[in-house]
Each structure stands twice: as C-alpha cells, then as structure tokens.
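**Q** Have a look; sequence and predicted model below, questions after that.
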Amino acid sequence: MASEPIAREGVLSFDLRERWLDNGLRVIVQEDHTTPVVSLHIMYHVGSKHERPGRTGFAHLFEHLMFQGSEHVPDDAHFRHVQDAGGTLNGSTWFDRTNYFETLPSNELELGLWLESDRLGFFESAITQEKLNNQRDVVKNERRQSYENRPYGLAVETVLRMAYPEGHPYRHPTIGYMEDLDAASLEDVKDFFRTFYTPDNAVLVLVGALEADRGFELADRYFGGIPRGPGAPQVTAPPVPASRETREQIYDNVQFPRVYMFHHAPAFGGPGFEAAEVLTQLLSEGKSSRLYRRLVYERRIAQDVSAQVWPTEDCGLSFIVATARPGVEPTTLELAILETLADVQQGALTGREAEGAVNRSLRELVGALDGVGGRSDAVATAATFLDQPGYVNEIVARIRSVTPEAMVQVAKEWFVPERRAVLYVIPETSAGGDA
C-alpha cells in the first residue's frame, strides 16, 4: 500500500523501522510502495567541524574522492553504474555530516547497496596519490569558481570568521582553505578515512518500494562484514557567548553593495528552531513578507532580500542578505532590516501573517518529504543530529504549534546586537585609489 505522508489529524505518520548491525551500522527502513523506486541514503557523522587546524576541507575533499572508485569498482564507474540502471545519485558535505545518496528502481536496490558498501569497506586500498592530486585540483578550482572569482563569493567565509572565535569548529567553510588543501598528504587522507568512515559512525536509510525485513537482510549481507571502527572522535561546536556586535566591510568586484546580517540561532531541532524557521518565512518568503515589502516594494532600496536558518547540529546561525538598488548605501539597507526586526520584537505580528508563514513552512516541508529522496535525507539527518529519526513524524506538529508569541520570543532572544555580525560587501570602485 502507499505510504500516507500526512495523516488526517495533521501529523506525519511514517512507519520507521530500525536495527543496528553487529558492526554498529544503524539501518532505518521506511516502506513506501507508491512508486517502484527506492532511495538509499548513507550519512557519515563527519563534516568540516571534525577537521583539525591546518587540514580544513578534508571532509569535502573526501566526498570527491569517494566517487573515484574502490577496490571492486573502477575509477568513476559509480556514476555510470547508477545512471545505466536508470537512477540518480550525488553527495554533499556540511559542517556536521557527509552524505551519499542514490534513487534507483526498486529492483536495483542491491546495486546501490553493493556500490556504497564497497567504498566503505574497500576504499582505502584504492586511494592513490594520482587520485588525490586530481581531486585536490578539482576542489581548488571549485573554490576559485565559488569563492575567489565569484561576486560576493568571500562573504560567507568572512562572516563565519566574524561570528565564531578562533578555534571554533564552525569558523571555517566546508570547502576549506587553499593552503590546507595543498598540505594534504596521502597518509593524511587515509587516516581521515580510517577514523571517520566506519559503520559505527554512519546511518543507512532505505525508503521506498521494499519490504522492511528484506531491507535489513540486504543491509546485513552487504555491510555486515565491514569491521567496526576505532571510535570516531565526536566534536561539539560550543555556543558562542553573547558579547558584542561584530562589523566589517570588504571590497569586491561587484556592481551593488550587499548587506549580510548574521545572528546566532537555535540548533537543528532544538528549542526555538521551528519558530526561527517560521520567522524567516514571515520575514522574507514571498512578496507580502515583511522584509520584501519594506525593502523591495515600499522603499525600493533593495533589489532582493532573503532570510534563512542554517540546520546545524550544534549552535545555529541565521542570516539576512539584501542587495542594494543603484545609489543606495548599505547603511540604508541595514537600518531598514533593523526596523523590521524591531517591529517583530515589539510584537507587531498579526495572526493572519503568522498563519501564512506557518502554512508556507508546512508546504515546503511536505513537498520535501513527499519524495523518497527528501524523506530519506530528513530521516538520516534526524538520526545523526538528534539520535531521533522519529523527529520527522513530529515536525508538522511542531511547526503548527509555532505562535506569534514564539516568533517574538525568538526575535528578542536571538536577533539582538550581542549575537549579531554585520558585513558590508562594497564595489571595488568605491574604494577609490586604494582598491
């Protein structure tokens, strides 16, 4: 039978079944026979926050290396195998985790399990200096394109440095720094793999057209023989004490000034997280949102404005970004943003706009969870960050319970100067002869 994403009473009701293999691999299965496809999602509890000083970018570099073949899978064949079977695949790196995922016809599930188990159990022997050099160059080029040579590309990296103190696990970007990528040796890479890429540091989620018992049986067949690891060190990114607002401005090859306003925020799934997410919907999602209406429509001082809360395992971060119209100073944008936040903090929210923000959040959530790929990602994230895969069944009720008062409280607690970092990105032409 088809899985019922939303029960009549307005809560999620996914039947999640889980087991641990003897080697510590956590396996979660959710049957959904709506369509004859299955999503395979393996998430390793390792991200950029687990990197040591001088070796930043390792988690992301490793994501690239993991697609370069393993002992029984030729170089670059992982993509070909999945695509030839009619599937899709990818991987991604975040501060707290690295994940790999495939969506395949359900009769090709074993192909995905074999590929993922081979690069977990038989990858180290396939790592070569040539592959490391090749993928290091790929990542460095990616950094140039996304950071150094992209308009506003260094802004987020700068704000992370402003928002977090020296030595904080969230202070550096996931892509790492050029000098650290250059310093990576083959033995460094192998040691990183041995430390973090182990069954007991991972969760495997299967969602789709499969019987749960069959899923557990296949998971044990393909992964059960891989030995448990030495115990990956767990890193916690501590909350940053509220102290003072930090401010900087940088010059870049851009046409218009842009304001980045970051605030420390609740961690994923923690107290206030859902209220913060709904608040960002109220602030920036749609033409009737507070920031869009004030900055773009009424005052015509911004070309665009957005707001978001980053879903991080430990201390969170939210940001508001606005790009100025021609002739508008960044100070004008900042003041308008602060006025909007002050309105919220003073309780100037209507029940109707709060309900609209809740409904938009629910629409996005249900859309993400409707597909097997988005659902497997959500389950894996909840299991990894919270040790609660069932969080996906609570999230609708949590969002529905967000009140105007809860959003006001979040704004008062978090969107304050002592938790704030403000960055102006200014066109280089404004720097005059010093540019």
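**A** The structure has been received and is ready for your questions.
**Q** where does the stretch 301-435 of the chain dip in pLDDT?
**A** Along the stretch 301-435 of the chain, the parts satisfying pLDDT under 70 run over 431-435.
**Q** repeat that for 80
**A** 348, 430-435 (pLDDT under 80).
**Q** where do the strands sit along it?
**A** 302-310, 316-324, 420-427 (DSSP state E, counting those that start in this stretch).
**Q** Neighbouring strands of the second one in the sheet, and parallel or not?
**A** Just to be clear, that refers to strand 316-324. strand 258-265 (antiparallel), strand 302-310 (antiparallel) (DSSP bridges).
**Q** Asp76 is nearest to which of these?
**A** Ranking those by proximity to Asp76 (Cβ to Cβ) places strand 302-310 first, at 31.9 Å. Glycine gets a C-beta too; all of them are placed from N, C-alpha and C.
**Q** buried ones in that closest one?
**A** By neighbour count on 16 or more other Cβ atoms under 10 Å, the buried set for strand 302-310 is Ala302, Val305, Ser306, Ala307, Gln308, Val309.
**Q** Name the residues that touch it?
**A** Strand 302-310 has contacts (Cβ atoms under 8 Å, 6 or more residues apart in numbering) with 256, 265-266, 273, 276-277, 280, 283-284, 291-292, 295-296, 316-325, 328, 333, 336-337.
**Q** re the thing from before, Thr174: which of the buried residues of strand 302-310 is nearest?
**A** Nearest to Thr174 among the buried residues of strand 302-310, with distances taken as Cβ to Cβ, is Gln308, at 16.1 Å.
**Q** I'd like the strands of the stretch 301-435 of the chain as JSON lines, with distance to Glu187 appended.
**A** Formatted as JSON lines, the strands of the stretch 301-435 of the chain follow (distance: least, Cβ to Cβ, whole Å):
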{"stretch": "strand 302-310", "distance to Glu187": "33"}
{"stretch": "strand 316-324", "distance to Glu187": "34"}
{"stretch": "strand 420-427", "distance to Glu187": "37"}
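**Q** Of the strands paired with strand 316-324, which is nearest Ala85?
**A** strand 302-310 (34.1 Å).
**Q** Could you find the closest non-adjacent residue to the most centrally placed residue in the chain?
**A** The structure's the chain has its C-alpha centroid closest to Trp94; by Cα atoms, centre = their mean the separation is 5.2 Å. Excluding the flanking residues, the one nearest Trp94 by Cβ to Cβ, 6 or more residues apart in numbering is Gly47, at 5.0 Å.
**Q** Do I have it right that the one you found meets Asp96?
**A** Yes: between Gly47 and Asp96 there is a contact under Cβ atoms under 8 Å: 4.5 Å.
**Q** Tell me which of the strands of the stretch 301-435 of the chain sits nearest to Ala397.
**A** Among the strands of the stretch 301-435 of the chain, strand 302-310 sits nearest to Ala397 (Cβ to Cβ), with 18.9 Å.
**Q** Buried residues, stretch 371-378. List them.
**A** For stretch 371-378, using 16+ other Cβ under 10 Å, the buried residues are Gly371, Val372, Gly373, Gly374, Arg375, Ser376, Asp377, Ala378.
**Q** can you redo those as a markdown table with distance to Ile226?
**A** Converted to a markdown table, the buried residues of stretch 371-378 look like this (distance: Cβ to Cβ, whole Å):
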| residue | distance to Ile226 |
| --- | --- |
| Gly371 | 29 |
| Val372 | 25 |
| Gly373 | 24 |
| Gly374 | 27 |
| Arg375 | 26 |
| Ser376 | 21 |
| Asp377 | 23 |
| Ala378 | 25 |
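**Q** And the longest helix anywhere in the chain, what's buried?
**A** Longest helix in the chain by number of residues (criterion: DSSP state H): helix 351-370. Neighbour-count burial for helix 351-370, with 16+ other Cβ under 10 Å as criterion, is recorded at Glu353, Ala354, Gly356, Ala357, Val358, Arg360, Ser361, Leu362, Leu365, Leu369.
**Q** Residues contacting it, please?
**A** Helix 351-370 has contacts (Cβ under 8 Å, 6+ apart) with 5-6, 12, 274, 277-279, 281-282, 285-286, 288, 374-375, 378, 392, 395-396, 399-400, 402-404, 407.
**Q** Sort out for me which of the residues you listed are in helices.
**A** 274, 277-279, 281-282, 374-375, 378, 392, 395-396, 399-400, 404, 407.
**Q** for those residues, which one is nearest Pro417?
**A** Leu279 (17.7 Å).
**Q** thought the closest one was touching Met407?
**A** Yes: between Leu279 and Met407 there is a contact at 4.5 Å, judged by Cβ under 8 Å.
**Q** overlap in contacts of these two?
**A** With Cβ under 8 Å, 6+ apart, Leu279 and Met407 have common neighbours Val344, Ala357.
**Q** So in terms of bridging, what pairs with the residue lying closest to Thr98 once chain neighbours are set aside?
**A** Closest residue to Thr98 apart from its sequence neighbours, by Cβ to Cβ, 6+ apart: Tyr44 at 4.9 Å. Beta bridges link Tyr44 to Thr98, Ala202, judged by DSSP bridges.
**Q** For the remainder of this discussion, apply numbering that starts at 39.
**A** Shifting the count to begin at 39 puts that one at Tyr82.
**Q** gap between Tyr82 and Tyr235?
**A** 6 Å (Cβ to Cβ, to the nearest Å).
**Q** Looking at these two, which is more packed in?
**A** Tyr82 (26 against 22; other Cβ atoms under 10 Å).
**Q** That one touches Leu242, doesn't it?
**A** No: between Tyr82 and Leu242 there is no contact under Cβ under 8 Å: 10.4 Å.
**Q** those strands in the stretch 139-288 of the chain, which residues are they?
**A** Going by DSSP E, counting those that start in this stretch, the stretch 139-288 of the chain shows strands at 240-246, 284-290.
**Q** Just name the most buried of the ones you listed.
**A** Looking across the strands of the stretch 139-288 of the chain with neighbours counted as mean count of other Cβ atoms under 10 Å, the highest average goes to strand 240-246: a mean of 29.
**Q** Relative to the whole chain's centre, how far out is that one?
**A** The chain centre lies 18 Å from the centre of strand 240-246; the measure is Cα atoms, centre = their mean, to the nearest Å.
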